[in-house]
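S.K.: This is a predicted model, with the sequence first.
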Amino acid sequence: MTPEAKARQQIDQKLEQAGWIIQDFKQLNLSAALGVAVREYPTDTGPADYVLFVKREAVGVIEAKRDYVNGLALGGAGCDVSEERYF
């Protein structure tokens with residue numbers, strides 16, 4: 001499994017545990033649930049790893065970043081909150 005696939009698996013698991021429905025952009029249905037996390041959401045500056053929607057409104061972005069100890073991971077050094085790129 002590639003580091004990117006492992007990171008996506010870890011992020012997906014954490015989002016699901018928190019109650020998010022996860023979708024790929026190509027199968028987008030923002031009405032599927034109150035909270036929808038969309039993978040590879042296109043933006044003017046390139047795709048975001050995940051865009052979080054609540055009630056069909058974008059409320060956050062998750063970008064996986066390299067954790068130099070454990071590869072790619074969510075949390076701590078593994079997560080980047082750079083909303084100025086997206087909003």
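M.R.: Great, that's in hand.

S.K.: next one: stretch 28-35 to chain centre, how far?
M.R.: In terms of C-alpha atoms, centre = their mean, to the nearest Å, the centre of stretch 28-35 is found 15 Å from the chain centre.

S.K.: just for the protein, where's the confidence low?
M.R.: Applying pLDDT under 70 to the chain flags residues 65-87.

S.K.: need the longest strand for it.
M.R.: When the chain is scanned for its longest strand (criterion: DSSP state E), the result is strand 57-67.

S.K.: and the residue positioned nearest the centre of the chain, bridged to which residues?
M.R.: With distances taken as C-alpha atoms, centre = their mean, Y50 lies nearest the centre of the chain, 2.4 Å away. Y50 forms beta bridges with R39, I62, as assigned by DSSP bridges.

S.K.: what residues are up against it?
M.R.: By C-beta atoms under 8 Å, 6 or more residues apart in numbering, the contact list for Y50 reads 11, 15, 37-39, 41, 61-63. (Each C-beta comes from the backbone N, C-alpha and C, glycine too.)
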